[in-house]
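1. Show me how the following folds:
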Amino acid sequence: MGDMANSSIEFHPKPQQQQQQQQQREAPQAGGFGCTLAELRALMELRGAEALQKIQEAYGDVSGLCRRLKTSPTEGLADNTNDLEKRRQIYGQNFIPPKQPKTFLQLVWEALQDVTLIILEVAAIVSLGLSFYAPPGEESEACGNVSGGAEDEGEAEAGWIEGAAILLSVICVVLVTAFNDWSKEKQFRGLQSRIEQEQKFTVIRNGQLLQVPVAALVVGDIAQVKYGDLLPADGVLIQGNDLKIDESSLTGESDHVRKSADKDPMLLSGTHVMEGSGRMVVTAVGVNSQTGIIFTLLGAGGEEEEKKDKKGKQQDGAMDSSQTRAKKQDGAVAMEMQPLKSAEGGEMEEREKKKASVPKKEKSVLQGKLTKLAVQIGKAGLVMSAITVIILVLYFVIETFVVDGRVWLAECTPVYVQYFVKFFIIGVTVLVVAVPEGLPLAVTISLAYSVKKMMKDNNLVRHLDACETMGNATAICSDKTGTLTTNRMTVVQSYLGDTHYKEIPAPSALTPKILDLLVHAISINSAYTTKILPPEKEGALPRQVGNKTECALLGFVLDLKRDFQPVREQIPEDKLYKVYTFNSVRKSMSTVIHLPDGSFRLFSKGASEILLKKCTNILNSSGELRSFRPRDRDDMVKKVIEPMACDGLRTICVAYRDFSAGQEPDWDNENEVVGDLTCIAVVGIEDPVRPEVPEAIRKCQRAGITVRMVTGDNINTARAIAAKCGIIQPGEDFLCLEGKEFNRRIRNEKGEIEQERLDKVWPKLRVLARSSPTDKHTLVKGIIDSTTGEQRQVVAVTGDGTNDGPALKKADVGFAMGIAGTDVAKEASDIILTDDNFTSIVKAVMWGRNVYDSISKFLQFQLTVNVVAVIVAFTGACITQDSPLKAVQMLWVNLIMDTFASLALATEPPTESLLLRKPYGRDKPLISRTMMKNILGHAVYQLTIIFTLLFVGELFFDIDSGRNAPLHSPPSEHYTIIFNTFVLMQLFNEINARKIHGERNVFDGIFSNPIFCTIVLGTFGIQIVIVQFGGKPFSCSPLSTEQWLWCLFVGVGELVWGQVIATIPTSQLKCLKEAGHGPGKDEMTDEELAEGEEEIDHAERELRRGQILWFRGLNRIQTQMEVVSTFKRSGSFQGAVRRRSSVLSQLHDVTNLSTPTHLTLSAAKPASAAGNPGGESIP
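-> Residues are numbered from 1 along each chain as shown. Below is the predicted model of the structure:
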């Protein structure tokens, strides 16, 4: 079959007259082209034999199709702009228009859905309405002294201000939230287009190979396809070598489909080339390609999808619906969720299809901890606010009706209701302050900021939470080639004609026959797209294009003062008789050519230990054959290959075989054909270690991260490179295994992998050589699933090849190589290293840890505020019937504490010192003992000051007391001083919060963060304005300079007190509890929850009784709303039903759908519920 693949263009000879009729049939149809858009679309719907038949009927053959499209199968299109433009107008452009982003107003509407805000709005409106209702004046005496004395005309008018001010501050919060979501979306789009611009594809124009951006492809282009490509457009194969395509993204069939010009020439966009190479003529682009058609269908569903994206943007970039549609030229991303044919093939894919809209990983560590913590805080806040309201109401009722013995009169109702509303507002403000709305904001800002900065460090983050997971990484499994090494391969040693040359031999030293065979074997038996081009600027190294190993061999030819180009011109690619392309199973590549005398010659190259086993002869020094027995082979391995490998070289064997004209073998029987070879040469290729890698690996080890090397090279080479990098140190107890030995150790008699056996191997394993992609996947999965250590390992993996897909997907964080990586690898990854360099991974670790720390800093600050504000509001309300901090003031505090503080603390730049500590691990609490000590310590200081001011402040400052003021009384200086002191203490505490590990110097590096300085000073400025000119809305009256100085003095006291707290050793305070642990051991990941309903009952049992009841109450309303809206939106009946049943299991994942906060960055999407009862939120 394959032998015909190459000659297939001349395969269906047509009688001459038929050809002429055909030319008449090729009347200019579409703008001068012989095919309409509809025709081509119809053609691409067909597969296999039907498609061939259609091509023969309509166009004669593929070259007939090329003629109609006015293109040449060998030269390609003439690169002129008018022609390309015309093609774009007729056949469309190669990009799928992105879905409309949410408008700002939609985002505002979403922000308004927040429960807390709704409660506040209602309270404010009631308060407004009541303030305009004036009860009849005379009877007001009868209602007792309730409405109090200071009730003059001006004050009564000002009653509406409080309601209005609350509404105003709600508007503020909403706008800030919406703006944040909007800018986040904008950033994602920028990121997306950045990823897009990087994807290029090779086409032939004017006979030249060009790399053009995928969006620039037009119908009629001749494109080169090769191993690892993601096809960007539909096309028909013109000529192919051993081409195999993974069409699972379109068909769901995981088996690779063989393509050839005479059996099945249809290539579809969004599918992956798994083996081989070829040339195709592009027949459909953009929305007319197969993927485009699917996307257009999805586009209709996209609007519905949109509504499901509750709460801002899903942070998991790649699965984000509007992202996927954002000009994804690589097409079938939506369908990409099936893992590449991994070990768990079938059932895995079934499940993957169900979970198409679910992210690929369990909730990130940080997200889990935050959700849990916020639930705890939310509960506490709810309880406190309820008690506050109850106490206030009871006190008022008893005071008025029991003690004073009044009767409830009808005309007094509005006055009393007004009181109740006031109490209710106080209760709500306690709740507002208790709940850290700023958390999601802090997380988002911190992640978004890091991602932006990581761009500069050559990390292109595709999924936001990958950045934070990296901070917890405990193991990195790295490739060798290109990541640890420079990926500029050169041949440095060779074994030719019985001689081992330690450097490049002089051409004169070699027999012409050997030299000639070697040059032909290398030039012909390598991808013709691989070349060595002259350097771009003087003095630079020649540019290596294509496969680096092949480049090394071609470079060897050039070093022998010969040239490969003339050989290739003599035997062009379409004259090659049969090509067995390189793949990870063969580990070799072979090419057959038809010699003029009718005989065949096969050239082969590959890993030396594999190919030498197939050699029966070897060329001696005079170029004659001598037999090569197993004994000779062992000899050669000892004397040539092992010494080369110990120098860290990769050894490649080059061999050939002749078939006489009569004895043509069965070309499909590869083992038969590629055997009985004659060895021409063995070469040692060096790939030098990048100079900066050893230092980077040392940093990783110091930071408690184990680096393992997983490579396809032989064990000696791998060990030599690992020693150079510092992955293995002399005198350490470690393992270096080959793939075979690794598998022998981890599998039982039946050949199944056993976790216990794996657990014996991986902790000491440092180098895994000669490994297959499955080995890599097994190792990663084994380390992740292992339960031996005190905590679960977090594994990062680097990969560049198509076969690394499964391992990249399985890992907690997958790094793909931006330069050497194939599209498939990039698609499966979380972060793309734009410079393919290991040091960039270390940068990612630093940023990840920094995110974690930034959020801890914010929490430490936020919780101090919460504790103080809640206690003050609560005790104040109970003792003086009125919260010392008014609703509007609370909202202002909330704004500075949440929004601004999250900005200030979340943008701290990372420092090298982050790499000096061990990773936090999955179950280390978010709030450490030290932080708890800081929170409580500062709370004690602030509460002491505030209560002193509240109860004896009027004596100290010699002013009127603000306690027990009647309704609508003017703001008092007393309460203004309390409010002002409170805010100033928070401001100075914000500086304390910059350090969370108990460091002394809180000012360290403060000027390297201009955002922080701006915010602190800005807040201070606004505070002055509020106090001096805020008046009635802010319940403030202007203060004198002396009073201001006292407030400042108390504020600065925070810094001094911070030093006092730092002196107390944390170890003494055993009583302090930590908070915000990660998900516990018994909690399940969404993978397990997705398995089926029976686990859910298990999850329900796991949840403690009380928690269930608490959640049920709060959740009932929200769930009903969600269910109704799911029905409205998705029409997925089953989705809604299942969602109802899975509410508890969702809560089990502590996805806070309902605590009144913006807690989860995205309430779990109803979309995901259908296939994923785990209903996880996706940060």
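
2. For the residue nearest to residue 564 when sequence neighbours are not counted, list the residues it contacts.
-> Residue nearest to residue 564 in three dimensions, not counting chain neighbours: residue 523, with 3.8 Å by CB to CB, 6 or more residues apart in numbering. Yep, even glycine has a C-beta here, placed from its N, CA and C like the rest. Neighbour list for residue 523: 554, 557, 564, 567, 568 [criterion: CB atoms under 8 Å, 6 or more residues apart in numbering].

3. and the fourth one, how many neighbours does it have?
-> The reference is to residue 567. As a burial measure, the neighbour count of residue 567 was computed by other CB atoms under 10 Å and equals 17.

4. Among the contacts of residue 523, name the buried ones.
-> 554, 557, 564, 567 (16 or more other CB atoms under 10 Å).

5. Can you pull the phi and psi angles for the first one?
-> Backbone torsions for residue 554, taken as degrees, to the nearest 10, come to phi -60, psi -40.

6. what's the answer for the third one, then?
-> For residue 564, the backbone dihedrals (degrees, to the nearest 10) come out as phi -90, psi -20.

7. My guess is it contacts residue 555. True?
-> No - between residue 564 and residue 555 there is no contact, the gap being 9.8 Å when judged by CB atoms under 8 Å.

8. Pick out whichever of the buried ones among the contacts of residue 523 sits closest to residue 943.
-> Within those, proximity to residue 943 (CB to CB) peaks at residue 554, which comes in at 76.0 Å.

9. That closest one touches residue 526, doesn't it?
-> Yes - assessed by CB under 8 Å, residue 554 is found in contact with residue 526 at 6.8 Å.

10. Find residues that contact each of those two.
-> Common neighbours of residue 554 and residue 526, using CB under 8 Å, 6+ apart, do not exist here.

11. what would the contacts of residue 523 look like in CSV with pLDDT?
-> As requested, the contacts of residue 523 are exported to CSV (pLDDT from 0 to 100):
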residue, pLDDT
554, 91
557, 91
564, 89
567, 90
568, 89
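
12. So the nearest residue to residue 863 once chain neighbours are set aside: helix, strand or coil?
-> Leaving aside its chain neighbours, residue 863 sits nearest to residue 935 (5.0 Å; criterion: CB to CB, 6+ apart). Secondary structure state of residue 935, per DSSP: H, G, I helix; E, B strand; the rest coil, is helix.

13. ok, residue 935 - how many residues close by?
-> 26.

14. What does the most centrally placed residue in the chain show for phi and psi?
-> Within the chain, one residue has its C-alpha closest to the average C-alpha position: by CA atoms, centre = their mean, that is residue 463, at 1.6 Å. Torsion angles at residue 463 (phi, psi; degrees, to the nearest 10) stand at phi -120, psi 120.

15. Quickly note the distance from it to residue 110.
-> Using CB to CB, to the nearest Å, one obtains 22 Å as the distance from residue 463 to residue 110.

16. rewinding a little: could you check the pLDDT of the residue nearest to the centre of the chain?
-> Predicted confidence (pLDDT) at residue 463: the value is 77.

17. Confirm for me that it is in contact with residue 832.
-> No - with contacts defined as CB under 8 Å, residue 463 does not count as touching residue 832, sitting 11.0 Å away.

18. Show me how the chain divides into domains.
-> 37-98+218-284, 438-447+853-1075, 459-484+691-836, 490-533+541-686 (the TED database).

19. Nearest to residue 132, out of those?
-> Between residue 132 and the domains of the chain, the shortest separation by CB to CB is 12.7 Å, and it involves domain 438-447+853-1075.

20. helix, strand or coil for residue 257?
-> Under the three-state scheme (three-state DSSP), residue 257 adopts strand.

21. Might you report the residue contacts of it?
-> With contacts defined as CB under 8 Å, 6+ apart, residue 257 is in contact with 244, 245, 246, 247, 264.

22. Show me which pair in these is furthest apart.
-> Comparing every pair within the contacts of residue 257 by CB to CB identifies 246 and 264 as the most remote, at 14.1 Å.

23. quick one, which of those two is more surrounded?
-> For residue 246 and residue 264, the more surrounded residue by other CB under 10 Å is residue 246, and the numbers stand at 24 against 19.

24. Please enumerate the helices of the stretch 501-650 of the chain.
-> If DSSP state H, counting those that start in this stretch is used as the criterion, the helices of the stretch 501-650 of the chain fall at 512-524, 548-559, 565-570, 608-612, 630-636, 642-646.

25. Who are the packing partners of the last one?
-> Looking back up the chat, that one is helix 642-646. Using 3 or more CB pairs under 8 Å, 6 or more residues apart in numbering; DSSP states H and E as the contact criterion, the elements in contact with helix 642-646 are helix 715-725.

26. partners of the very next helix or strand once past the helix it packs on in the sheet?
-> Later in the chain than helix 715-725, the nearest helix or strand by DSSP states H and E is strand 735-738. In the sheet containing strand 735-738, its partner strands are strand 765-769 (parallel), by DSSP bridges.
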